[in-house]
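Q: Pasting the sequence and the predicted coordinates here, then a few questions.
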Amino acid sequence: MPTRKAKVIPEPAEGTRSVMFTAKQVPLIRDEGDLNYVCGSCDFVLVKDANQEQLVVDIVVKCPKCGSFNEIDDLR
């Protein structure tokens, strides 16, 4: 499956959404699937080789490289 670009959104208000992040510049999710997402701002790989079942609907990922908040599409 081709790599998808995540949608950059404003920082969610506290308590409204769950945000995944890491201090290390590595993909936040990595497995043996075929879904890949990059940051919508800087193209950093946020999700690498994930399975659809691993991605929660409406997940927000904070890019460890540029700090942008990225929304992963609803895949279901």
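A: Structure received. Residues are numbered from 1 along each chain as shown.
Q: residues contacting E32?
A: D49, N51 (Cβ atoms under 8 Å, 6 or more residues apart in numbering). For every residue, glycine as well, the C-beta is placed using N, CA and C.
Q: repeat that for 7 Å
A: D49 (Cβ atoms under 7 Å, 6 or more residues apart in numbering).
Q: The one 4 residues further on now?
A: Counting by Cβ under 7 Å, 6+ apart, N36 touches T3, R4, V45, V47, K48, D49.
Q: ok, and the most crowded of those residues?
A: V47 (25 neighbours; other Cβ atoms under 10 Å).
Q: Tell me what the nearest residue in space to that residue that is not next to it in sequence is bridged to.
A: Excluding the flanking residues, the one nearest V47 by Cβ to Cβ, 6 or more residues apart in numbering is Y37, at 4.1 Å. In this entry, Y37 is beta-bridged to R4, V47, by DSSP bridges.
Q: Surely Y37 is in contact with K48?
A: No. At 8.5 Å, Y37 does not count as touching K48 under the criterion of Cβ atoms under 7 Å.
Q: burial of E71, as a residue count?
A: 17.
Q: ok now do it, which residues does it touch?
A: A6, K7, I9, D58, V60.
Q: Perfect, I'm done here.
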